[in-house]
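**Q** sequence? don't have it. structure:
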């Protein structure tokens, strides 16, 4: 069945002591619109993230958020300035020789000196980090698509039920339509007799009445619309059972069904037929709202 465009997925991976978490959220959108949020040290990998998302997704507004959940400082480490520490230690030994006394805590003395420790960038394997990001993103997109498939299956089943309801309404219209010209003829005859006081034969003969009724029947005929509606509803049911991305096809079919029902409504000269048309349009509007979320 088709996939929904609404869903959520996440994935994590650990590389080079870093835990990378990727979250993917998607909602309905006319096209595929991907936004990516990355920590600074991963910005260079944004093109790869977008490319993978475009391979796995068809339509929808998708937000991909990557966070670094490592316990260590992001990309930074504390380094010892070894040459400077050696100089301080050498100077401390000279001082001990000069005074004849040993320092009680030489390490503490050295650690208290400014400039001995500096912040530096941790050396990391860029390819390993890229691999870790790809792994987490793959998991997140897989989970996102699974959620979209689950939601899509629910949507499709509900839409199939509504499509069947719509088919029954169209069948009611088709059954009612042939009776309308007969009712029209009866009304026309009653009106003529009322106006002419039973002397309709002078100018309003049966032949004239037959021609008038036939003209009305031709104008009010909905046979072609019913035939096209049956074809459109069949195509709608077939699309809802497909594994392909059929969102745009469904949009087109809904428009065509609306057009045919509106045409029937414009021809309707009968209260019962008008009621069926109104019910069909109300139901079709609900279908259209749900179809907006199909990929």
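**A** Looks like it arrived, so ask away. Computed from a predicted model, the values in this text were never measured in an experiment.

**Q** When you work out contacts or count neighbours from here on, use the C-alpha atoms and nothing else.
**A** Will do.

**Q** so how many other residues sit close to residue 168?
**A** Around residue 168 sit 14 other residues, with neighbours defined as other C-alpha atoms under 10 Å.

**Q** now swap in residue 7 and tell me
**A** Counted with other C-alpha under 10 Å, residue 7 comes out at 24.

**Q** again, but for residue 276
**A** Applying other C-alpha under 10 Å, I find that residue 276 has 22 neighbouring residues.

**Q** Check which helix or strand it maps to.
**A** helix 271-291 (DSSP states H and E).

**Q** Repeat that for residue 21.
**A** Taking DSSP H and E as the definition, residue 21 sits inside strand 18-27.

**Q** Which residues does that strand contact?
**A** 5-14, 60-72, 132-133, 136-137, 140-141, 144, 293 (C-alpha atoms under 8 Å, 6 or more residues apart in numbering).

**Q** Take those and keep only those in strands.
**A** Judged by DSSP state E, the contacts of strand 18-27 include 7-14, 60-68 as members of strands.

**Q** Drop the exposed ones from those residues and show what's left.
**A** 7-14, 60-66, 68 (16 or more other C-alpha atoms under 10 Å).

**Q** Can you tell me the element the spatially closest residue to residue 277 that is not a sequence neighbour falls in?
**A** Spatial nearest neighbour of residue 277, chain neighbours left out: residue 265 (5.9 Å); criterion: C-alpha to C-alpha, 6 or more residues apart in numbering. Per DSSP H and E: residue 265 is located in helix 247-267.

**Q** So for that helix, what gets flagged as buried?
**A** So, applying 16+ other C-alpha under 10 Å, buried residues of helix 247-267: 247, 250, 251, 253, 254, 257, 258, 260, 261, 262, 264, 265.

**Q** try stretch 13-28
**A** Going by neighbour count (16+ other C-alpha under 10 Å), the buried part of stretch 13-28 is 13-15, 18-28.

**Q** and the strand holding residue 21, how far from the chain's centre?
**A** Relative to its chain's centre, strand 18-27 lies at 17 Å (C-alpha atoms, centre = their mean, to the nearest Å).

**Q** which residues in this protein form helices?
**A** All helices of the chain, identified by DSSP state H, fall at 46-56, 82-99, 106-111, 126-176, 179-196, 206-220, 223-240, 247-267, 271-291.

**Q** Lowest average pLDDT across the ones you listed?
**A** Lowest mean pLDDT of those: helix 206-220, a mean of 65.

**Q** Please determine how far residue 155 is located from residue 224.
**A** Separation of residue 155 from residue 224 (C-alpha to C-alpha, to the nearest Å) stands at 30 Å.

**Q** When the two are compared, which one has more neighbours?
**A** Taking other C-alpha under 10 Å, residue 155 and residue 224 do not tie; residue 155 has more neighbours (21 against 11).

**Q** Tell me who's in contact with the more buried one.
**A** With C-alpha under 8 Å, 6+ apart, residue 155 has these contacts: 4, 290.

**Q** Residue 234 versus that one, what's the distance?
**A** Distance, residue 155 to residue 234, using C-alpha to C-alpha: 18 Å.

**Q** Repeat that for residue 51.
**A** Distance from residue 51 to residue 234, by C-alpha to C-alpha: 36 Å.

**Q** ok, now residue 38?
**A** 46 Å.

**Q** When those two are compared, which one has more neighbours?
**A** The neighbour comparison of residue 38 against residue 234 (other C-alpha under 10 Å) goes to residue 38, with 17 against 14.

**Q** And the pLDDT at the closest residue to that one other than its chain neighbours?
**A** In space, residue 38 comes closest to residue 66 once its chain neighbours are excluded; the distance is 5.1 Å by C-alpha to C-alpha, 6+ apart. With respect to pLDDT, residue 66 scores 95.

**Q** Pretty sure residue 66 sits against residue 37.
**A** Yes - the criterion here is C-alpha atoms under 8 Å, and residue 66 meets it with residue 37 at 6.1 Å.
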